[in-house]
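Chemist: Need coordinates for the below:
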Amino acid sequence: MMTGLRRQVFDFSIKVLSCVLYMCRVLTDDPSKGHESGRCVLYWGCPNQTYIFLKIDWSPIIWVERSLGIWALQVSVAVICLVETILLTYLSYKGNIWEQILRLTFILETVNTVPFLLTILWLPLRNLFIPVFLNCWLAKHALENMINDLHRAIQRTQSAVFNQVLILISTLFCLIFTCICGIQHLERAGKKLTVFDSWYFCVVTFSTVGYGDVTPNVWPSKLLVIIMISVALVVLPIQFEQLAYLWMERQKSGGNYSRHRAQTEKHVVLCVSSLKIDLLMDCLNEVYAHPGLQDYYVIILCPTEMDPQVRRVLHIPLWSQRVIYLQGSALKDQDLIRAKLDNAEACFILSSRCEVDRTAADHQTILRAWAVKDFAPKCPIYVQILKPENKFHVKFADHVVCEEEFKYAMLALNCICPATSSLITLLVHTSQGREGQQSPEEWHRTYGKCSGNEVYNIVMRDSIFFSEYMGKSFPYASFHAHKKYGVCLIGVCRKDSKSILLNPGPQFRMSPNDSCFYINITKEENTTFKTQRERTGSRPCLPVHSVIACMGTVAIDLQDTGCGPSLCLPPEDIKGNSRRPSIGPVLEVPDTSSMHTGDLYSDQSEDETMPSNEDLSTEDYMKGFPPNLPYIGSSPTLCHLLKEKVPYCCLRLEKGCEHNNFEDAKAYSFKNKLIIVSAETAGNGLYNFILPLRASYRLKKELNPIVLLLDNQPDTQFLEAVCGFPMVYYMVGSIDNLDDLLRCGVSFAANMVVVDKESTMSAEEDYMADAKTIVNVQTLFRLFSSLSIITELTHPANMRFMQFRAKDWYSLTLSKLEKKEREKGSNLAFMFRLPFAAGRVFSIGMLDTLLYQSFVKDYIISITRLLLGLDTTPGSGFLCSMQISEEDLWIQTYGRLYQKLCSTVGDIPIGIYRTESQTADSSEEQCEPSSQSQLSVCVEDLDDPKEQSDRELPPVAGGLHRSSTSSDPSDGKAPLLRRKSVQWARKLSWRGTRGNQRGAQRGGQQGLRARRSERQELDELVSNRMKSLGLWATACDDMSENQTTHSHTYVLINPPPDTRLELNDIVYIIRSDPLGYVPKAGDSKESLGSSTCLGEHTKTETPF
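Modeler: You can find the predicted model right below:
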């Protein structure tokens, strides 16, 4: 190939040389010497005569002045060209000689070379004019061949546009050059134009300006202009059309990322099978949210054509200079070269979750990962996989996120730790905590500020927050760092170990080389704190909550010291107790005499606390590791197991067998409420839903029965994996069938988990993929309004339709707030939607940021897996929750609770799940519509407090307000804010005229009767179906819609220490490893202030 390239270079050079010699001959020729006294001057023996034909003297056109030197060089070049042409023609001869001879290039070569050979034979012909300037077309042909051979030699790709531009330029140059030389020579018989005049004329003519100051004088030159313009009008449009077509195709494919930019600028590559606008914006917002990544380029490699919405976004100046879209495949090395993957800082490979066949989507992702690893072995790879059984194929990747693992584990924890999905989503999203700060609602501001908390890490010796706690116990360092700086230390990693430990417990002592993982609004490097030795003057005054946390003993009535708000502890007599509870200090160094090693398979606490006459059925349970893991790569977790596996037939809930004759959930007489999961198929990911609900740290008496409501029959492999777990059943049915729901026990279930079905994930309109799931859940919500429903959606934007009420003005106000936050550029605009804040809805798409954050925080995936229980590291704690009861309110603040937990059981609190009634402001917004009658109707929806006391209230927030145990929260006590809101709304309604008030009351009563009638119809429908199925009809009060409850729930991540605790607050805590050192039984059972609630939860939740 290189030999052919050299030949093309030589051919091009020789043709250019012939054109240069022609121009030298023209510049040395003087046309005025051709005529003297009307006779032709003899040139080298030329005859002394003229040639007049058609009124033109052709002698100056036929004969020219050519010096001996130029003639010799032109003859030499002509001989070389002719010999080369004859040789190539002979070598390329394949049967038809005339086809070779009649080629245009051969004819041009003959015209420009053979006459020079004739001048050697006959001297008078040495001044004969020969159109050597036509060699420019042969030079153009040689240049095209040379460039093609060069591209093949260097394996350059995507050169079509370059070639077409080169062809266009060379064609235009040859047209102008031919016209210049032709006009100049023909005008020797006319105005005798110079080369410059001819050049000027051609440029003016071809540019369509046409000044007319220089024009051809003789008809041959005029004819030449006509011919050249005609040729140009035919050739140039064709060339431009081809160039435009190639340019458009290149724009679709995205072009190339230049090697120079790749070597001087940093970039990351995003490989996807199809790019949607939501995925793109999640990626860009998360990547560019970090200051260190502002100068990075994002190269998108996608095999499909760019989506119109994506194209519009990439035209925005904010992204147009940062994002480059390349249409191509990761399986082609040429496309990977275009993306300069070998110079990339990272490569993100995402699966298409909207595909109906998710296994096929995983297979494509695996091949992309293999291709990237083969092409660029040193490039860090971040892979998103859908199904857990395919995870081991990409084990070589630096970070892997399995969607179904995270999804099912998060949904399971939502059942025992409310709103875990919202907690994790807020933790892995980048935010500055500015959302909702302009809202008049107090909970918006508090919730938005706490949502800015993220997980960061720092080496202890380099830290201002933690360096003073070297050698101290982990709870001591965590509590005092939170008290002093407001940061929550949750984990640590030894220098010589890669395993992260969440809350390693009181026995763990901090060392200078430890990596500390903490939750805070911003990382320590961006804070304004200074070390103690850098401060000058006296020690600053600590906040009141810090002083109280340090003292933490008897009740102290503090006056306002100017450092913070005053704080008064409860009176001496608390619920009849003669002694006020106290909070002991957190020990710097744990007392090893009070610690012992937990036994792997013992359950002493349960033996002591469980009544033998009620829990004899749990004697068949044992602790161990599941013997049958459903897929390769599943982390072994210590679980509650059956001593003997149950037969497959006994796992079927609604069909009896030879071992039992139960045909519905009620017949089993479960002591705890059910957890029902509605899914399409029993995939391996569903195993990760069962695992955290059967973990060993859960008490036997608190295990909830699990019913899998499946559209399709599970296979034998799945049944073999779950038959060893206690109280796990399945039923073939559908969520849109009321009979199936009643048989599986929905009327007395604690939680209903609705998993998005794979068959509905693909729709012609993307956001319609959730339509069936949303309508089914809305039906469930109307039929069983007290049921806690947790739903998974494909698109986060659809969560606004969950539990939709068209006339709920408060929800409409939140919709406006979401739009304002989105306009401000917030990554968490959806966070104020009530279903998301309450943890009732979740989309796995919201966790795409987890993969992007791992590029900056390589620990974030490991910490998330530990929090969700997907990984169990010896010595690492786990996430659970506890509920604040009325007897525990003496603790008053979150900081004091932090101290109590650290000083007694070594637990680390990380957040609060809070339920609040709508305040007066929100009620006003809800009752704001135009007419007074609407206001009164809204007030009538709120029952009188006296009427509320006459009947039992349903659980707050639809039963979602639960602790980590299965016990129900205390019912029957409406919050104080609720009562004030009712009174305020009624007083507001009394301000109208009496006539309007009466009309409004009549309208309100009619609306209330209509709603009660609808409620009664729904209750009657359910009762009749249950009776027809032979089931016990649940009381209508349990299923009736909670018309009197207008509340909202939300998550506060790492709230300030002075945050007041409220009744029924659920506190997220990270409990230390039960298999490590634990406090003595007496310490673990010590109440946090009473013999019930907090102390009881601490006692029952501490595993042994």
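
Chemist: So what's the residue count around residue 461?
Modeler: Counted with other C-beta atoms under 10 Å, residues neighbouring residue 461 total 12. All C-beta atoms are positioned from the backbone trio N, CA, C, and that covers glycine.

Chemist: Ignore what I typed, I meant residue 303.
Modeler: For residue 303, using other C-beta under 10 Å, the count is 18.

Chemist: Okay, and residue 729 sits in which element?
Modeler: Following DSSP states H and E, one finds residue 729 within strand 728-732.

Chemist: Then residue 347?
Modeler: strand 346-349.

Chemist: still on that earlier bit, with only the CA atoms kept, save the strand holding residue 729 in CSV.
Modeler: In CSV, the C-alpha atoms belonging to strand 728-732 read as follows (Å, rounded to 0.1, in the frame of the first residue of the first chain):
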residue,chain,number,x,y,z
VAL,A,728,-42.8,-17.0,52.8
TYR,A,729,-45.6,-17.9,50.4
TYR,A,730,-46.6,-17.1,46.8
MET,A,731,-49.9,-16.9,44.9
VAL,A,732,-50.5,-16.7,41.2
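
Chemist: What helices and strands are in contact with the helix or strand immediately after that strand in the chain?
Modeler: Next helix or strand after strand 728-732 toward the C-terminus (DSSP H and E): helix 738-743. Where contact means 3 or more C-beta pairs under 8 Å, 6 or more residues apart in numbering; DSSP states H and E, helix 738-743 is packed against helix 994-1028.

Chemist: lowest-confidence helix or strand of this protein?
Modeler: helix 932-940 (a mean of 32; mean pLDDT, DSSP states H and E).

Chemist: List the strands paired with the strand ranked longest in the chain, with their directions.
Modeler: Secondary structure assigned by DSSP state E gives strand 908-917 as the longest strand of the chain. Sheet pairing of strand 908-917 (DSSP bridges) gives strand 1047-1053 (antiparallel), strand 1066-1071 (antiparallel).

Chemist: So for residue 505, which of those sits nearest?
Modeler: Counting by C-beta to C-beta, residue 505 lies closest to strand 1066-1071 out of the strands paired with strand 908-917; the figure is 9.1 Å.

Chemist: Partner strands of the strand holding residue 347, with direction?
Modeler: Applying DSSP bridges, one finds strand 346-349 paired with strand 267-271 (parallel), strand 381-385 (parallel).

Chemist: Tell me how far residue 817 lies from residue 734.
Modeler: According to C-beta to C-beta, to the nearest Å, residue 817 and residue 734 sit 36 Å apart.

Chemist: Tell me which of the two has more neighbours.
Modeler: Between residue 817 and residue 734, counted using other C-beta under 10 Å, the more crowded position is residue 817 (21 against 15).

Chemist: Who are the contact partners of the more buried one?
Modeler: Neighbour list for residue 817: 436, 439, 444, 832 [criterion: C-beta atoms under 8 Å, 6 or more residues apart in numbering].

Chemist: Could you look up the SS state of it?
Modeler: In three-state terms, and counting by DSSP: H, G, I helix; E, B strand; the rest coil, residue 817 is helix.

Chemist: Would you check how far apart it and residue 846 are?
Modeler: From residue 817 to residue 846 the distance is 19 Å (C-beta to C-beta).

Chemist: Need phi/psi at residue 465.
Modeler: Dihedral angles phi and psi of residue 465 (degrees, to the nearest 10) take the values phi -70, psi -40.

Chemist: these two touch, right, it and residue 524?
Modeler: Yes: between residue 465 and residue 524 there is a contact at 5.7 Å, judged by C-beta atoms under 8 Å.

Chemist: what sits in contact with each of those two?
Modeler: Common neighbours of residue 465 and residue 524, using C-beta under 8 Å, 6+ apart, are 458, 487.
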